[in-house]
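S.K.: Can you look at this prediction? I've put the sequence above it.
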Amino acid sequence: MQLDTALRQSIVRICDVPAEQVSEDATLDSLGIDSLTAAEIITDLEIRLNRELPMDVLRRLGQVRTVSQIAAELRATLGSGAVQL
Amino acid sequence: MNRADRLKAAGTSPSAIEHHYDLSNDFFRLWLGADLVYSCALWDRADPQDTLERAQRRKLDLFATRLGVSGGRVLDVGCGWGGLLDRFVRGHGAAGGVGLTLSSAQARVAVSREVPRVSYQVQSWVDHEPAETYDAITAIESTEHFASDTLTADEKVEVYRAFFDRAASWLRPGGRLGLQLICLDNVGHEGSRPGRGPFTELIRTDIFPDSMSASLSELVLGWETHFELDEFFDHTDHYRRTFRAWALACRAQEAVVRSLVGPEQARIFARYFAGGEAVFRLREQALYRVMLTRRPNPKTWTVPLRPSDLGARPAGTGASASAIRSHYDVSNDFYALWLGPTMMYSAGMWSGRDDTSDLDQALKRKIDFFAQRVLVEGSGFVMDVGCGWGGNLRRLVDQHGVDRTVGLTLSPAQRDFIARDPVPRADVRLESWSEHSPAEPYNAIFSYGAFEHFARDGTTGIERVALYRRFFARGFDWLAPGGRIGLETIANDGAPDTSAPRGRGPLGDFVLDLFPESLAPHLCEVVLGFEPYFEVEVLRSDPADFARTFRAWLIALRDHEREATASSVRPRLGGSCATSPPAKSSSAPEP
């Protein structure tokens, strides 16, 4: 599954918002994403992708502001080959 | 309020317990499984197909076998729906027992299991008055309900002390206590509270009101008077998999969950599972399993430690260089007679009574044990505080791929010994740890049998903790991120705490003559020392190994009695060693 699609589905599910609200430049604040919600999104994403994401993603999410930045963080992680099943 | 009422008020109220645990038995069964075990499981790390049901049984079996419950009477404090006693009696031959819970819905389910000779009481531990003693007690993730989030660290320690005090009184001498503990690990402590983020708020308001995890030191301060440590497991990574299993089970039956508890509760539990998984993955909280044995007599304290006492105090110093030299500079030839080829002056490690390894093999195994757990990938740059005659550094370089090393000793004789047969790429310095300043960060630090010199005899526990904290603070600064420290020390386990060790008996005085200005720590002091700086991964108590090491030294010395007394050895040391009784226990040099 495409990472961006999966991430969007996760946000829609966890934040309980319409898909069109999850635009690339939507801010985490506007979606009501705090650190706990971010943990939920990562868990949900791991279940969807059936793979484990490294924990630094969770740590770094405190510093990102928008959905596209989350996606960039995740792509960097997944592309680095550091991801283990 | 009397004392019992105050203790009960300190913990989770019955209504708060019912708020969570009486929600719906069918709901809990949906994701906990048929056994209804609501705590961290024990997973088979090698098996990705392992199931929650098997992992929960494995956890219960671990406690049953380590506590030796066969034929014994067991008390389960915080018994939940009765899964543990069911397994102990039907699966492990426990003679029977009692389960305590504050939830009447849980008690009804537990009773319906019809486990022979097991009864359940809706009762606080504060009010428990057993008709006869128990052989074992379990408290599986129940201490979190003993002290609420409104208490100070001092007040929490008082509550834990009261619990372990009572638990000891319920146990027969030698009886055992098994604990499963959620501990605050890397959270910022305000008093003893975790940082108030959204997860903590969820736990505090929606999941477990009036509950609070402890830091490990608070629990050790609670148990150390009455209990000695047998086994300690860091199983933090097992909670991650447990929370995930619970989350997946609920997710697979979302519609049923909503119909049982409503959409709002369903949402709260989903957040709880994701947040729980995250805090254990981030190691903000840790999961420890601890097996303790009731002491024959409680330990006495001159100054009982309280968390609030441990502020910035003048810490003093450890044993002086001259005190160190008075012991270690006696004669290298003399030490070689009985320390053997490793020249390691600390405990060997055997795998049990039947292990026929000699001291040399047992010491190598000890070094390897530490190396496997302490060395991070690449091994790199390693230091040894109190490196002795270099035995550890030599093996780390020869066998474990360590690149470069620094060894600290205060003994010129030890330094000269290493200089005659240098350890490759080792920088051995005649220097105290308190004056050490590394040129670049270390990847690992080792210290065997030096910690006993870090605080002097005559210090109070408060002063010792300050000194130990200073040591661990230095170690923290010296290490590269992710670096580890491996420490071996004798602990004053069964011995009373006193700032004046002299006069505690002939053996105590004798040890102080041998090791002037030195004093072994108590476990709580070590934990209080490292806790601000290090996470604990492995903690072992191996007194039998040190007793065996002393016996091996004594036999070697007797075999070389003539050389020992003929060489340049000072008569007091050689004579005393040859005639002193073998040490009974490494951890309690005092009678």
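M.R.: Noted; the coordinates are in hand.

S.K.: For the helix or strand where A:R8 lies, which outside residues touch it?
M.R.: When secondary structure is defined by DSSP states H and E, A:R8 falls within helix A:3-15. Contacts made with helix A:3-15 from outside it, assessed by C-beta atoms under 8 Å, 6 or more residues apart in numbering or on different chains, are listed as A:17-19, A:22, A:31-33, A:37, A:40-41, A:44-45, A:48-49, A:67, A:70-71, A:74-75, A:78. For glycine as for every other residue, the C-beta is placed from the backbone atoms N, C-alpha and C.

S.K.: any low-confidence regions in chain B?
M.R.: When the per-residue scores of chain B are filtered using pLDDT under 70, the ranges that remain are B:187-196, B:312-314, B:378, B:499-504, B:567-591.

S.K.: Give me the distance between the helix ranked longest in it and the centre of its chain.
M.R.: Longest helix in chain B, counting residues (DSSP state H): helix B:254-281. Per C-alpha atoms, centre = their mean, to the nearest Å, the displacement of helix B:254-281 from the mean C-alpha position of its chain is 32 Å.

S.K.: how many neighbours does the nearest residue to B:R484 once chain neighbours are set aside have?
M.R.: In this structure, B:R484 finds its nearest non-sequential neighbour in B:V374, 4.6 Å apart by C-beta to C-beta, 6 or more residues apart in numbering or on different chains. For B:V374, the tally of surrounding residues (other C-beta atoms under 10 Å in any protein chain shown) stands at 22.

S.K.: isn't B:V374 right next to B:G486, touching?
M.R.: Yes - under the criterion of C-beta atoms under 8 Å, B:V374 makes contact with B:G486 at 3.9 Å.

S.K.: Common neighbours of these two, please.
M.R.: Overlap between the contact sets of B:V374 and B:G486, as judged by C-beta under 8 Å, 6+ apart, is given by B:444, B:446.

S.K.: Alongside chain B, which residues does chain A contribute?
M.R.: Applying the criterion C-beta under 8 Å from any C-beta of the partner chain, the portion of chain A that neighbours chain B consists of A:34-37, A:39-40, A:42-44, A:47, A:55, A:58-59.

S.K.: Which of those are buried? Put it as a ChimeraX command.
M.R.: Buried members of the residues of chain A next to chain B can be picked out in ChimeraX with the line below, counting by 16 or more other C-beta atoms under 10 Å in any protein chain shown:
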select /A:35,36,37,39,40,42,43,44,58
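
S.K.: and the angle for the helix holding A:R8 with helix B:254-281?
M.R.: Between helix A:3-15 and helix B:254-281, the angle formed by their directions is 110 degrees, by axes from the mean of the first three to the mean of the last three C-alpha atoms, to 10 degrees.

S.K.: residue of the stretch 301-450 of chain B with the smallest distance to chain A?
M.R.: In the stretch 301-450 of chain B, no residue comes nearer to chain A than B:E377, which is 14.0 Å away by C-beta to the nearest C-beta.

S.K.: Three-state assignment for that residue, please.
M.R.: For B:E377, the secondary-structure state derived from DSSP: H, G, I helix; E, B strand; the rest coil is coil.

S.K.: ok, now which ones touch it?
M.R.: For B:E377, the set of contacting residues under the criterion of C-beta under 8 Å, 6+ apart is empty.

S.K.: do the same with the one 3 residues further on
M.R.: For B:G380, the set of contacting residues under the criterion of C-beta under 8 Å, 6+ apart consists of B:402-404, B:442-444.

S.K.: Now list the buried members of these.
M.R.: Using 16+ other C-beta under 10 Å as the threshold, B:402, B:404, B:442-444 are the buried ones among the contacts of B:G380.

S.K.: With secondary structure and distance to chain A as added columns, please give these in TSV.
M.R.: Rendered in TSV, the data for the buried ones among the contacts of B:G380 read as follows (DSSP: H, G, I helix; E, B strand; the rest coil; distance: C-beta to the nearest C-beta, whole Å):
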residue	secondary structure	distance to chain A
B:V402	coil	26
B:R404	strand	28
B:Y442	strand	23
B:N443	strand	20
B:A444	strand	22
